[in-house]
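I'd like to go over a predicted model; first the sequence, then the structure.
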Amino acid sequence: MTKTLGTATTQIKSDGGCTSYYDQPYELWVTTNDQMEYLAEHKWGKYAIHLKDIFKGLCRWGDKSGTTVEYDSRKIIYYGCRVLMMVAGVEALRVYLQELLNDGQFRGASDEGDN
């Protein structure tokens, strides 16, 4: 696990138990917006533009009038793809998406004859 605070990056080794990257100043937050602002400043950095949309989708998860769980799921996937594109580039994103499409768990009955 890599932990980023401001511009410094440190590695945190986990043994499967409690680890400090889950420690957050929850007592300072009143709303989800407070938490997202903190994470944007102290952890997410340039990825905050997309990670906040993933976080919002997770927090509201089908509760917002005019949206559905499917809508929130699609937004989470879309913004996750934007983050991966920032991290690895568009070609790596395309390769990953194709790998997912080729994975048996994501193939429909109509795909069975395709290679």
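Yes, it's here.

centroid residue for this structure?
When the chain is reduced to its mean C-alpha position, the nearest residue by C-alpha atoms, centre = their mean turns out to be residue 80, at 5.0 Å.

Please identify which helix or strand holds that residue.
helix 69-88 (DSSP states H and E).

Next: residue 54.
Residue-wise, residue 54 maps onto helix 48-60 under DSSP H and E.

follow-up on the earlier one: which elements pack onto the helix holding residue 80?
Helix 69-88 sits against helix 48-60, helix 90-102, with contacts defined as 3 or more C-beta pairs under 8 Å, 6 or more residues apart in numbering; DSSP states H and E. All C-beta atoms are positioned from the backbone trio N, CA, C, and that covers glycine.

Apart from its neighbours in sequence, what residue is nearest the residue nearest to the centre of the chain?
When the adjacent residues along the chain are set aside, residue 80 lies closest to residue 54, with 6.2 Å between them (C-beta to C-beta, 6 or more residues apart in numbering).

same thing with residue 64?
In space, residue 64 is closest to residue 72, 8.0 Å off (C-beta to C-beta, 6+ apart).

show me the residues around residue 28 that make contact.
Applying C-beta atoms under 8 Å, 6 or more residues apart in numbering, we find residue 28 in contact with 34, 38.

Look at residue 77 and report its pLDDT.
With respect to pLDDT, residue 77 has a value of 97.

quick one: contacts for residue 87?
Contacts for residue 87 were tallied using C-beta under 8 Å, 6+ apart; they are residue 47.

How many neighbouring residues does the spatially closest residue to residue 69 that is not a sequence neighbour have?
Once flanking residues are discounted, residue 69 sits nearest to residue 62: 4.0 Å by C-beta to C-beta, 6+ apart. Around residue 62 sit 12 other residues, with neighbours defined as other C-beta atoms under 10 Å.

coming back round to it: buried sites along the helix holding residue 80?
Neighbour-count burial for helix 69-88, counted by 16 or more other C-beta atoms under 10 Å, picks out 72, 75-76, 79-85.

nearest to residue 99, of those?
Within the buried residues of helix 69-88, the smallest distance to residue 99 is 12.1 Å, found for residue 84 (C-beta to C-beta).

If anything else comes up later, I'll come back, but that's it for now.
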